[in-house]
Structures are given as C-alpha cells and as structure tokens.
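Engineer: generate a structure from the sequence data that follows.
(one chain, ligands or ions: 1)
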Amino acid sequence: MKKVLVIHTGGTIAMHEDEKGGVQPKETNPLFATVESLTSIASIEVDDFLNIPSPHMTPELMFQLAERLKSRVGNESFDGVVITHGTDTLEETAYLLDLLLDWEVPVVVTGAMRSSNELGADGPHNFISAVKTAATDEAKGKGVLVVFNDEIHTAKNVTKTHTSNVATFQSPQYGPIGIVTKRGVTFHHAPSYKESYTVSSINHRVVLLKAYAGMDGSVVDAIADTGIDGLVIEAFGQGNLPPAVVPSIKRLHQANIPVVLVSRSVSGIVQETYAYEGGGRHLKDLGVIFTNGLNGQKARLKLLVALELTTDHKRLQEIFFK
Ligand code: ASP
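Structural biologist: Model (predicted):
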C-alpha cells in the first residue's frame with residue numbers, strides 16, 4: 001500500500017457557504033470524510049499545516065511549506081504528497097515548490113472552485129484525483145504537478161484562467177501532461193527539463209508591474225523609490241514597452257536592480273525582435289533580463305529565488321533562459 005502525505009493549507013476546498021451565500025473557512029477540514037474513503041488507494045497521513053484563503057499566502061509561508069515537506073518526506077519516506085490549496089495563488093505555491101524541491105517523489109497540488117457544501121462541489125473529486133496521481137509511479141520525477149478537473153498540469157505552465165469555472169486551470173500553449181479517469185492515471189507527455197535551487201530563505205523585495213498603452217516611467221520610479229531588489233514587467237507582445245518607460249529602466253539598471261521581462265500575452269516568449277525605442281531589442285541592449293515563457297507571477301517568484309543566489313546580471317539571465 002502506497003503512503004501519501006496530505007498537507008492542507010486552506011482555500012475554498014476547506015470552506016463552506018453560509019446561509020447568506022458568503023464563503024469562508026471552516027474549522028474542521030471538510031475533506032475529513034473523503035480521506036476515510038481513500039483507504040483502497042493509499043494509506044493517508046494528514047498534516048493540517050494552515051487553514052487560510054490563498055490570497056493570504058506569502059512567499060515566506062510557501063518557503064516554510066517547502067521546508068515542512070523536506071523534513072517530513074526526508075524522515076518518513078512517503079510515496080507521494082498532496083497539498084490542498086486555495087486556487088487564487090495555487091500556481092504560485094506550486095511553482096515555488098517546484099523550484100525549491102529537488103527529488104523524485106510526486107508532489108501534487110489541488111483545490112476547488114466550489115466550497116464544500118455547494119451543489120456540485122469539486123473539492124472531494126479533485127482531492128481523490130490528486131491522491132491517485134501522487135500514488136502513481138509514473139508521476140515520479142515530473143516536478144510539482146497540479147491536478148484539477150481530471151487533468152494533470154505542470155507547476156511551471158499551469159495558470160488560473162477563469163474566475164469561477166471548475167475547468168479554470170489550463171496550461172496555455174502546452175496543455176496538460178496527463179489525465180485522471182476512473183481507470184487510472186495516464187501521462188501523455190513528460191517535462192523535458194527540471195530546475196531546482198537550494199536557498200536558505202526568501203528575503204528580497206520584488207514587484208510585478210503590467211504595461212499599458214500610454215504608460216510612463218512615474219509608476220516605475222515610485223516603486224523604485226520604495227527600495228526594491230528587483231522588478232518584473234509584463235510587457236506587450238514579444239516584449240516591448242512604451243518609450244516613456246525607458247529612462248526609468250535605465251535608472252534601475254544603473255542602480256544594479258534587475259528588471260525581468262515577461263509578456264502580458266498568455267502564450268509565447270519574449271524576445272529581442274523590435275529595435276525601436278522601448279522594443280525588445282532595445283530593452284535587451286539596456287540590460288533587461290528576458291524570460292522563457294513564464295507568466296509574471298511565476299517570474300517574480302523565480303527572481304526572488306535567483307536573488308538569493310546572485311545579483312550578477314549575466315548569471316540571472318542564464319537562470320531565466322532555463
Ligand atoms: N479565494 C479562494 C482562495 O484562493 C479561491 C479558491 O480557493 O478557489 O482561497
């Protein structure tokens with residue numbers, strides 16, 4: 001019998017809807033009953049780590065979660081781990097864990113769009129699918145996975161695409177790498193590359209900004225004045241910004257504060273195509289660091305991790321090309 005560690009952190013999967021329709025945390029995790037029905041799939045150990053809505057999640061708590069996982073899996077030899085989490089920041093926790101954990105043991109993150117007592121609640125079903133996946137040998141070595149609505153996604157590519165639909169988690173451009181059915185767990189793709197980093201804390205201040213038509217440098221300057229260690233900008237298309245932002249980017253570069261570029265488009269990667277003022281090629285020449293398809297929130301987490309290792313721009317660029 002496989003042994004699976006379940007770590008609860010909260011989210012809608014652990015909430016209930018009151019008489020007025022407000023959804024809020026419940027003291028006893030409602031998945032308690034589902035855990036009991038899982039005995040034919042795996043032997044389950046539950047760790048009630050947190051019970052918070054995921055907008056209350058922070059990189060520090062995510063880091064503590066990674067440490068908890070390392071110590072429990074290191075000392076107690078589990079075959080797999082399931083983490084339940086609110087969906088709002090689920091992709092961020094999954095991705096940070098993916099960067100921090102360097103092992104083969106499956107780690108599967110799941111949640112729910114409907115609270116435990118709503119008609120059609122998806123929590124128990126997602127939870128069972130996640131446990132099935134975590135207990136599958138084929139899930140080993142694929143990095144942190146997100147299982148939701150019968151699909152298996154990589155932490156790196158998955159994102160929340162819909163505010164309320166149960167099919168909210170999608171991997172734009174790449175798709176899921178597997179499915180969960182009544183027959184079992186089937187993988188049809190495998191990630192080709194896994195990166196991980198050893199850091200002893202996450203202590204830097206990195207801000208994420210989105211570009212918009214007519215944007216000028218004032219917002220970048222105001223943020224820089226608050227004492228940031230790095231800035232991630234969701235630029236237009238292939239990685240272009242309005243020319244009025246350029247002087248502020250130059251100032252950040254002179255102050256040795258890394259500026260990392262992602263695209264506000266949901267698919268594709270940023271590249272040095274356009275040579276006009278503020279175009280990708282111009283920004284690259286100014287020392288802006290280009291990413292390889294990550295979305296803004298994940299690039300921010302990666303910069304937080306990378307800054308624990310180096311502030312050298314060349315090294316940062318190497319890390320972000322992975
Ligand atoms: N707002 C909730 C949370 O992220 C949404 C959810 O869990 O689905 O905690």
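Engineer: contact partners for the closest residue to the ligand within the stretch 51-200 of the chain?
Structural biologist: Minimum separation of the stretch 51-200 of the chain from the ligand (C-beta to the nearest ligand atom) falls at residue 86, amounting to 2.2 Å. Backbone N, C-alpha and C define where each C-beta goes, glycine included. By C-beta atoms under 8 Å, 6 or more residues apart in numbering, the residues touching residue 86 are 9-13, 52-55, 57, 111.
Engineer: try residue 311
Structural biologist: Contacts of residue 311 by C-beta under 8 Å, 6+ apart are 256, 258.
Engineer: element containing it, please.
Structural biologist: Applying DSSP states H and E as the criterion places residue 311 outside every helix and strand.
Engineer: just the buried residues of the contacts of residue 86.
Structural biologist: Applying 16 or more other C-beta atoms under 10 Å to the contacts of residue 86, the neighbour count classes 9-13, 52-54, 57, 111 as buried.
Engineer: residues from the stretch 51-200 of the chain in reach of the ligand?
Structural biologist: Proximity of the stretch 51-200 of the chain to the ligand (C-beta under 6 Å from any ligand atom) is limited to residues 53-55, 86-88, 111, 113.
Engineer: just those residues now: which is nearest residue 289?
Structural biologist: residue 88 (26.9 Å; C-beta to C-beta).
Engineer: one step back: could you save the residues of the stretch 51-200 of the chain next to the ligand as JSON lines and add columns showing secondary structure?
Structural biologist: Listed next are those as JSON lines, based on DSSP: H, G, I helix; E, B strand; the rest coil:
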{"residue": "53", "secondary structure": "coil"}
{"residue": "54", "secondary structure": "helix"}
{"residue": "55", "secondary structure": "helix"}
{"residue": "86", "secondary structure": "coil"}
{"residue": "87", "secondary structure": "coil"}
{"residue": "88", "secondary structure": "coil"}
{"residue": "111", "secondary structure": "coil"}
{"residue": "113", "secondary structure": "coil"}
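Engineer: now, the most widely separated pair of those?
Structural biologist: Farthest pair in these, by C-beta to C-beta: 55 and 113, 14.9 Å.
Engineer: how about the helices in this structure?
Structural biologist: Using DSSP state H, the helices assigned to the chain run over residues 32-36, 59-76, 90-100, 123-134, 218-224, 246-254, 280-285, 296-307, 313-321.
Engineer: residue 187: neighbouring residues, count only.
Structural biologist: Residues lying near residue 187 (other C-beta atoms under 10 Å) number 16.
Engineer: and it, what is it in contact with?
Structural biologist: By C-beta under 8 Å, 6+ apart, the neighbours of residue 187 are 138-139, 142, 152, 177-178.
Engineer: neighbours around the nearest residue to it once chain neighbours are set aside, how many?
Structural biologist: Nearest residue to residue 187, sequence neighbours excluded (C-beta to C-beta, 6 or more residues apart in numbering): residue 178, at 3.9 Å. Using other C-beta under 10 Å, residue 178 has 22 neighbouring residues.
Engineer: and for residue 246?
Structural biologist: Residues near residue 246, counting by other C-beta under 10 Å: 17.
Engineer: distance of the residue nearest to it when sequence neighbours are not counted from the ligand?
Structural biologist: Distances taken as C-beta to C-beta, 6+ apart put residue 278 closest to residue 246, at 5.4 Å, once the chain neighbours are dropped. Here the distance between residue 278 and the ligand works out to 35 Å (C-beta to the nearest ligand atom, to the nearest Å).
Engineer: residue 278 contacts residue 245, doesn't it?
Structural biologist: Yes. Applying C-beta atoms under 8 Å as the test, residue 278 and residue 245 come out as touching, 6.6 Å apart.
Engineer: switch the buried ones among the contacts of residue 86 over to a markdown table; also include pLDDT.
Structural biologist: Formatted as a markdown table, those follow (pLDDT from 0 to 100):
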| residue | pLDDT |
| --- | --- |
| 9 | 98 |
| 10 | 97 |
| 11 | 97 |
| 12 | 97 |
| 13 | 97 |
| 52 | 97 |
| 53 | 98 |
| 54 | 98 |
| 57 | 98 |
| 111 | 98 |
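Engineer: pLDDT averaged over stretch 289-297 - what is it?
Structural biologist: When pLDDT is averaged over stretch 289-297, the result is 97.
Engineer: send me it as PDB with only the CA atoms.
Structural biologist: Provided in PDB are the C-alpha atoms of stretch 289-297 (Å, rounded to 0.1, in the frame of the first residue of the first chain):
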ATOM      1  CA  ILE A 289      16.600  40.200 -18.400                       C
ATOM      2  CA  PHE A 290      14.400  38.000 -20.700                       C
ATOM      3  CA  THR A 291      12.300  35.100 -19.600                       C
ATOM      4  CA  ASN A 292      11.400  31.900 -21.300                       C
ATOM      5  CA  GLY A 293       7.600  31.700 -21.300                       C
ATOM      6  CA  LEU A 294       6.900  32.200 -17.600                       C
ATOM      7  CA  ASN A 295       4.000  34.400 -16.600                       C
ATOM      8  CA  GLY A 296       4.500  37.500 -14.400                       C
ATOM      9  CA  GLN A 297       3.700  36.000 -11.000                       C
END
